[in-house]
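K.L.:
can you look at this prediction? I've put the sequence above it.
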Amino acid sequence: MTIRHRRYFGLIFAAFVLAFALKLDSQEKPRHLRVLFIGNSYTYFNNLPEIFRKLAQAGNQGDVGIGMIAPGGWRLKDHWEKGDALEVLHQSKWNIVVLQEQSTLGVNYYVDGRIRIAGDQIFRPYAEQWISEVRSAGATPILYLTWAREATPEDQAALNYVYMRAAKDFRSQVAPVGIAWERLRKEQPSLELFYADGSHPSPAGSYVAACTFYAAIFHQSPVGLPGTISGIPVNLQTAKAESSINAVLVDLPPELAHAIQQAAWEAWQEIDKAGGHLNLAPVPVPALPPLMGGDPLAAAELEGTWSGDLKFYPPPFLPTQMELTLHREGNRWKAHLALMFHSSEQPDQSLDLSNCRVDTQQLSFTDPKAPQKLSIRFRGVKGGPGELRGQAEARSATPDSTVRLLGTWQLRKK
């Protein structure tokens, strides 16, 4: 071999050694990532950011730095208008910012006492502003697609649509936590994903979220990561991390951890294969069926006391016992309404109604002393012999309030 050839092969060998050393170094020292979580209790329960950080360590993704701003119940609107989130975003360098909206998208809309998803009019404009602000700060925004509540799994379709539409329109990534959650509710019905209130996540629920963020941020499968995570807990009374304490945040049997990891990875793959956003159809706002006209309201049969249930107020007042007494004085109707809440949080009501109207097939009245500054209108029809059925609708008297309640009632004559 000539000297020229020896030099040539020497250069090739040196290049190979250098490339191998660089690859080995990159494996031993992954890039340092800083992730800021902006949300509320769905973020701080079980310290989701800490679980995610520990999963990243276990998956050899490096020592991920995390930040969390999550006052209970806050909307993206609240974070934009008050609090520390904007300052924290700009005072440090973040690679990724997770944006979590309030669980019902900032609208308090109840049907038969159950809170439902009723549109994105509060969420959408502030999602757009936050995504733009995060991008201007040099970070990547990720929308935290949350889950439907335990009592209303059908609302997941509405959440999916709203988040996917916002992510597509405003050019944001999305972490499909709610989609993974929905898969697990179907495939692992015995898995306790919810806290006792049927809304917040159990440790397993927060683990679903952490695995989904792992998939969405690193584009790698969380399958094989540990199902037991210890770290800094969050005190649920103060919503503050207790940095001096090390506690078990989640402890799952291997088979359940694997099922969660697989569901999170499949949920991410589904939207990744679709280009980052699922094209979904809009979901109608939940509503009561029309109150169809019943039998004619004969005065002789209508007079007397009617008693039954009102499905209207959210827990702990559901169901409320309702009693309506009707009698006629000449051409006018007099009425008395009694509502029994059976709760120490709300006193019972008993009041005379001055605005009761009875038409040929429908009666109507309002509750002038409704709790929580609500204006409640009742309408009813005859449902059959000795039966009245009807609907109630309430809106807050506050002009900018997003509170609306719809409910049904059914009474039998005593």
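P.N.:
In hand now; what should we look at? Residues are numbered from 1 along each chain as shown.

K.L.:
skipping adjacent residues, who's closest to the residue sitting nearest the centre point of the chain in space?
P.N.:
Among the residues of the chain, Ser103 comes closest to the average C-alpha position under CA atoms, centre = their mean, at 2.4 Å. Nearest residue to Ser103 in three dimensions, chain neighbours excluded: Thr146, at 5.7 Å (CB to CB, 6 or more residues apart in numbering). Glycine gets a C-beta too; all of them are placed from N, C-alpha and C.

K.L.:
and the gap between that neighbour and Ala335?
P.N.:
Relative to Ala335, Thr146 is positioned 43 Å away (CB to CB, to the nearest Å).

K.L.:
neighbour-wise, which of those two wins?
P.N.:
Thr146 (24 against 19; other CB atoms under 10 Å).

K.L.:
could you report the distance from the more buried one to Leu105?
P.N.:
Taking CB to CB, one finds Thr146 at 9 Å from Leu105.

K.L.:
need the overlap of contacts for these two.
P.N.:
Listed as contacting both Thr146 and Leu105 by CB atoms under 8 Å, 6 or more residues apart in numbering are Leu159.

K.L.:
Val35 should be in a helix, yeah?
P.N.:
No: assessed with DSSP: H, G, I helix; E, B strand; the rest coil, Val35 is strand; it does not lie in a helix.

K.L.:
what's around it, how many residues?
P.N.:
23.

K.L.:
for it, give me its contacts.
P.N.:
49, 52, 64-67, 94-98, 217.

K.L.:
6 Å - rerun?
P.N.:
Neighbouring residues of Val35 by CB atoms under 6 Å, 6 or more residues apart in numbering: 66, 96.

K.L.:
in the sheet, who's paired with it?
P.N.:
Ile66, Ile96 (DSSP bridges).

K.L.:
how close does it sit to Asp84?
P.N.:
17 Å.

K.L.:
skipping adjacent residues, who's closest to Leu89 in space?
P.N.:
Ala137 (5.4 Å).

K.L.:
check the burial of Val98 by counting its neighbours.
P.N.:
Counted with other CB under 10 Å, Val98 comes out at 29.

K.L.:
do the same with Gly59
P.N.:
Neighbour tally, Gly59, other CB under 10 Å: 17.

K.L.:
and it, what pLDDT?
P.N.:
pLDDT recorded at Gly59 is 97.

K.L.:
check Leu11 too.
P.N.:
With respect to pLDDT, Leu11 scores 45.

K.L.:
I figured Phe341 hits Phe317, correct?
P.N.:
Yes: counting by CB atoms under 6 Å, Phe317 is a contact partner of Phe341 at 4.7 Å.

K.L.:
ok, the residue nearest to Leu89 to Gly39 distance?
P.N.:
Ala137 is 17 Å from Gly39, by CB to CB.

K.L.:
more neighbours: these two, which one.
P.N.:
Neighbour comparison, Ala137 and Gly39: the larger count goes to Gly39, with 25 against 17 (by other CB under 10 Å).

K.L.:
apart from its chain neighbours, what residue comes closest to that one?
P.N.:
Gln100 (3.0 Å).

K.L.:
burial count for the one you found?
P.N.:
Gln100: 26 neighbours (other CB under 10 Å).

K.L.:
so it touches Tyr44, yeah?
P.N.:
No: with contact defined as CB under 6 Å, Gln100 and Tyr44 do not form a contacting pair (10.1 Å).

K.L.:
the stretch 151-300 of the chain: strands as residue ranges?
P.N.:
Under the criterion DSSP state E, counting those that start in this stretch, the stretch 151-300 of the chain contains strands at 173-175, 228-231, 234-235, 240-241, 247-251.

K.L.:
quickly compare the ones you listed and say which is most buried.
P.N.:
Most buried of those, by mean neighbour count (mean count of other CB atoms under 10 Å): strand 173-175, with a mean of 24.

K.L.:
for that strand, name the packing helices and strands.
P.N.:
strand 140-144, helix 203-218 (3 or more CB pairs under 6 Å, 6 or more residues apart in numbering; DSSP states H and E).

K.L.:
so which elements touch the longest one?
P.N.:
Think helix 203-218. helix 48-58, strand 173-175, helix 177-187, helix 254-273.

K.L.:
does Glu101 belong to a helix, a strand or coil?
P.N.:
coil.

K.L.:
that one and Gly73, how far apart?
P.N.:
For Glu101, the distance to Gly73 equals 11 Å [CB to CB].

K.L.:
which one of the two has more residues nearby?
P.N.:
Glu101 (31 against 11).
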